[in-house]
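Asker: Everything below, folded, please.
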Amino acid sequence: MARRWMMAGALVVLGLGLTACSKEVSANNLEVGDCTNEDLSGEVGEVDTVDCADSHTAEVFALFDISGDEFPGTTDVQSQATEGCNGDRFESYVGTPYEESEIYTTYLVPTESTWNDADDRTVICLAVTQDGSASEGSVEGANR
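Answerer: Okay, here's the model as predicted:
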């Protein structure tokens, strides 16, 4: 099942390099604390995760569900993802309010197809750098 990558906060081009300690997981099975170097643009099915201590371009910092039976539309899904990722969830994980942070966010969201065909409601919030460059170490509790 593929998920759609949506931007929030910055235009980011993620690198494609992987480390030797990667493992492939379904995008729907990503968990808080997972890191990756994958290019997550477009629809995403499988994601190679890496240890956050190693060089990486994105880190999952929150997951939450959008409610409703009917797909609310791409614009509404993006709006809910932006609001949900850039608020308390970000501050709780990073330790700094989003507006004061040097860390940016982006997200993976359900598409109309995954919403209807797979009952997918989950938004996956990712911490990234402004320019898409790699970083080392988790942003959890980074206070920056």
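Asker: remind me which residues of the protein are low pLDDT?
Answerer: In the predicted model, the chain carries pLDDT under 70 at residues 1-21.
Asker: bridging residues for residue 123?
Answerer: residue 64 (DSSP bridges).
Asker: Surely it is in contact with residue 106?
Answerer: No. Residue 123 is beyond contact range of residue 106, at 10.9 Å (criterion: Cβ atoms under 8 Å). Backbone N, C-alpha and C define where each C-beta goes, glycine included.
Asker: any shared contact partners between the two?
Answerer: Taking Cβ atoms under 8 Å, 6 or more residues apart in numbering as the criterion, residue 123 and residue 106 both touch residue 85.
Asker: which helix is the longest one in the chain?
Answerer: Taking DSSP state H as the criterion, the chain has its longest helix at helix 74-85.
Asker: which element follows it toward the C-terminus?
Answerer: Next along the chain after helix 74-85, taking DSSP states H and E as the criterion, comes helix 88-94.
Asker: And the helix or strand immediately after that next one in the chain, what does it pack against?
Answerer: Sequence order places strand 104-109 as the next helix or strand after helix 88-94, per DSSP H and E. Using 3 or more Cβ pairs under 8 Å, 6 or more residues apart in numbering; DSSP states H and E as the contact criterion, the elements in contact with strand 104-109 are strand 3-8, helix 74-85, strand 122-128.
Asker: who touches the most centrally placed residue in the chain in this structure?
Answerer: Nearest to the mean C-alpha position of the chain, by Cα atoms, centre = their mean, lies residue 126 at 2.8 Å. By Cβ under 8 Å, 6+ apart, the contact list for residue 126 reads 40, 58, 59, 60, 61, 105, 106, 107, 108.
Asker: Flag every buried residue along the host helix or strand of the fifth one.
Answerer: Which is residue 61. According to DSSP H and E, residue 61 maps onto strand 58-65. For strand 58-65, burial by neighbour count (16 or more other Cβ atoms under 10 Å) applies to 58, 59, 60, 61, 62, 63, 64.
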